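Trainee: I need the structure of the sequence given here:
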Amino acid sequence: MNLSFNKKKLHSSTIPPFHSSTITPFHFSTFPLFHYSTIPLFHHYTLPLIIFLLSLFSFHLQAQDRPNIIHIIGDDIGYDDFSSFGSKYYKTPNIDKLEKEGIKITNFYAPHSTCTPSRAAFMTGRYAPRVNDRTGLGVLFPTDNNGLDSSKEITFTKQLKKLNYKTALFGKWHLGHLPKFLPAAHGFDEYLGIPYPNDHGPERLGNTGSRGYPMIPLIHNTEKVRDLDNNDLAEMPHLFVREACKYIAERVKNKEPFYLQYSNIETHTPWFIPKGFGGSKYGAFADAVEYFDRSVGVILDYVKQLGIEKNTIIIIHTDNGPLIEKYDELEACYGAFAAVDTSKYHILRDGKYQSRFEGGQHVPCFVKWPEHIPAGTVTNEMITGADWFTTIITLVGGQIPNDRVIDGMDVMPLLSGKNKTSVRNTYYSFQPKNIVDGVRYNHWKCVIDRRQKEVKYYLYDLAKDPSEKKDISASNLIIVKSLVALAIDAENAIKNNLSLKEQNNFNF
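Mentor: Okay, here's the model as predicted:
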């Protein structure tokens, strides 16, 4: 596959078709290194000039001391889809190395159970019902004209830019496909990827094309490179990894601290991977998970080769739980590449698309930072994806916005071992539009089931029943009432623009 294409400017409310047949190479922008040796010398320095030169030297040292951050977000991968988290079906040896090299977080929660709202919370530190003036942000489709509004929301990448970090994203975005919502509007210098999932193509619904979706575009910054068919999509993971590694090498060469987000696409339906890979006896999703693991291995090995391992933070987690139920419409489009094997066992109940049970948002997570985070450690404390906003900005010396409610908290003291307990003992399972479907307090989990006309409440003891199989609400009515009250308070906190009660103290 030829990956050198023409680019076409995005300039309308819909992504225009790609007509040109001319193929020309495109190149990623480079950032020239500022050499202090080029500052002209004078025979007689004035005090202001000396101070100026010293400040430049100080800035150069500070920039070098700041850690690089590689943030890897897996798509639609469940809690036990890595072998280090208990998978019986998939082999993930590269990711598993992080169990010995960093910290394993066993109670990490994606902010939401679907892509767009989770990613909005990752980037802003705010649960999806808060974003865009509390209008919320649900899953976006190619026909949608909204997205994460950069005039209303502050991403941590914007704050990193103020500290002269270089920022890049390779892979899936899914926070709005119009130019005003793309990564460039949210503090990313460099973006190469697709603006929404790889199953939002023209074949939907059921290969009839009746949803009217355009072909999925490959976008570089704000320009469309070309439209992608399914054969092209299968090769994109190769391109994204390769360009991510090029980007890292450029930053190392120029001695620039960087934040890189690698957001894979192959573990989202359809589970296409590059030719020459695959062969798992557990099918296409297994092939995709193992290819993702291979990609992680390439990136981590390259970091070591470049000699930046000690000064690079690695964060890896997923955006929500897995697809666990058959999806006939997707199978009609993609066949075996969207055929869910419902016989596979998962530790946690249910998967993506729902926020009631653990399988929708309780996902795997590792963090590695040599000499700062003790290797081979485990924490069972609760952490959410919204915490990366505050944690990343704080550890690089940035400023947390004080003009809005931020849900994310600094968890580095916990990860480093300085603190033994988390900043929260309560977690709320929000829908994108401010409805709480579940509350976890310590090991107690209350499920609020609104699927029927009459709302039902269930209670589980996750310490004894992590799979949420045995409802014990009838014998623990005080606990149920207390957690339902927290859910009501949380919904009111969003409406009234107040902070959530994430640290509570009950006598149970």
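Trainee: Run a quick neighbour tally on K469.
Mentor: K469: 8 surrounding residues under other Cβ atoms under 10 Å. All C-beta spots, glycine's among them, are computed from the backbone N, C-alpha and C.
Trainee: so who does it touch?
Mentor: 349, 460 (Cβ atoms under 8 Å, 6 or more residues apart in numbering).
Trainee: Retrieve the pLDDT associated with it.
Mentor: K469 is assigned 98 on the pLDDT scale.
Trainee: Is it correct that R211 is in contact with G201?
Mentor: No: R211 is beyond contact range of G201, at 9.4 Å (criterion: Cβ atoms under 8 Å).
Trainee: For those two, work out which one has more neighbours and name it.
Mentor: Ranked by neighbour count (other Cβ under 10 Å), R211 and G201 place G201 first, with 24 against 16.
Trainee: what about that one, distance to G193?
Mentor: From G201 across to G193, the span is 15 Å (Cβ to Cβ, to the nearest Å).
Trainee: Name the nearest residue to L306, ignoring sequence neighbours.
Mentor: Distance criterion Cβ to Cβ, 6 or more residues apart in numbering; nearest residue to L306, sequence neighbours excluded, is V252 at 5.0 Å.
Trainee: cool, L148 as well?
Mentor: Leaving aside its chain neighbours, L148 sits nearest to L175 (4.2 Å; criterion: Cβ to Cβ, 6+ apart).
Trainee: Show the contacting residues for that neighbour.
Mentor: 116, 119-120, 123, 137, 140, 147-148, 181, 186.
Trainee: just those residues now: which is nearest G171?
Mentor: For those, the residue nearest G171 by Cβ to Cβ is R119; the value is 11.2 Å.
Trainee: Helix or strand: which one has L260?
Mentor: strand 258-263 (DSSP states H and E).
Trainee: what helices or strands is that strand leaning on?
Mentor: When contacts are defined as 3 or more Cβ pairs under 8 Å, 6 or more residues apart in numbering; DSSP states H and E, strand 258-263 packs onto strand 68-74, strand 166-172, helix 230-253.
Trainee: Can you name the next helix or strand after that strand?
Mentor: As assigned by DSSP H and E, the chain's next helix or strand after strand 258-263 is helix 284-305.
Trainee: And the average pLDDT for that next one is what?
Mentor: Averaged across helix 284-305, the pLDDT comes to 98.
Trainee: buried set for that helix?
Mentor: Within helix 284-305, the residues that count as buried by 16 or more other Cβ atoms under 10 Å are 284-297, 299-300, 302-303.
Trainee: Please apply the same query to stretch 144-159.
Mentor: Buried residues in stretch 144-159 (16+ other Cβ under 10 Å): 147-150, 153-159.
Trainee: Restricted to helices, list these.
Mentor: Judged by DSSP state H, those include 156-159 as members of helices.
Trainee: L218 against N198, yeah?
Mentor: No: contact criterion Cβ under 8 Å: L218 and N198 do not qualify, at 11.1 Å.
Trainee: Quick check: neighbours shared by the two?
Mentor: Shared contacts of L218 and N198 (Cβ under 8 Å, 6+ apart): M236.
Trainee: closest one to M382 among the helices and strands packed on strand 258-263?
Mentor: Checking those against M382 by Cβ to Cβ gives strand 68-74 as the closest, at 19.2 Å.
Trainee: partners of that closest one in the sheet?
Mentor: Here strand 68-74 is paired, per DSSP bridges, with strand 258-263 (parallel), strand 312-318 (parallel).
Trainee: Identify the residues contacting that strand?
Mentor: Strand 68-74 has contacts (Cβ under 8 Å, 6+ apart) with 119, 122, 171, 248, 251, 257-264, 267, 292, 296, 299, 303, 308, 311-319, 388, 392.
Trainee: Give the bridge partners for the most centrally placed residue in the chain, please.
Mentor: The residue lying closest to the centre of the chain (Cα atoms, centre = their mean) is I73, at 4.2 Å. Under DSSP bridges, the beta-bridge partners of I73 are S263, H317.
Trainee: Surely H200 is in contact with P142?
Mentor: Yes: counting by Cβ under 8 Å, H200 does reach P142; the two are 5.3 Å apart.
Trainee: what residues are shared contacts of these two?
Mentor: Residues touching both H200 and P142 (Cβ under 8 Å, 6+ apart) are Y213.
Trainee: Where does pLDDT dip in this structure?
Mentor: Scanning the chain for pLDDT under 70 picks out the ranges 1-64.
Trainee: Now intersect the contacts of L175 with the helices, please.
Mentor: Using DSSP H, 116, 119-120, 123 are the members of the contacts of L175 that sit in helices.
Trainee: most surrounded residue in those?
Mentor: A120 (31 neighbours).
Trainee: Please report how far that residue lies from P195.
Mentor: For A120, the distance to P195 - Cβ to Cβ - is 14 Å.
Trainee: Tabulate the CA atom coordinates of stretch 474-484 in CSV.
Mentor: Only the C-alpha atoms of stretch 474-484 are listed here, as CSV (Å, rounded to 0.1, in the frame of the first residue of the first chain):
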residue,chain,number,x,y,z
ALA,A,474,-32.6,-6.8,50.2
SER,A,475,-30.4,-7.4,53.3
ASN,A,476,-28.5,-4.1,53.1
LEU,A,477,-31.1,-1.4,52.6
ILE,A,478,-29.2,1.2,54.5
ILE,A,479,-26.2,0.8,52.2
VAL,A,480,-28.5,1.0,49.1
LYS,A,481,-30.2,4.1,50.3
SER,A,482,-26.9,5.8,51.2
LEU,A,483,-25.4,5.1,47.7
VAL,A,484,-28.6,6.1,45.9
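Trainee: Between which two of the buried residues of stretch 144-159 is the distance greatest?
Mentor: Of all the pairs that the buried residues of stretch 144-159 form, the one spanning the most space (Cβ to Cβ) is G147 and Q159, at 19.7 Å.
Trainee: May I have the phi/psi pair for the closest residue to A386 other than its chain neighbours?
Mentor: Distance criterion Cβ to Cβ, 6+ apart; nearest residue to A386, sequence neighbours excluded, is G408 at 3.9 Å. Main-chain torsions, G408, degrees, to the nearest 10: phi -70, psi 150.
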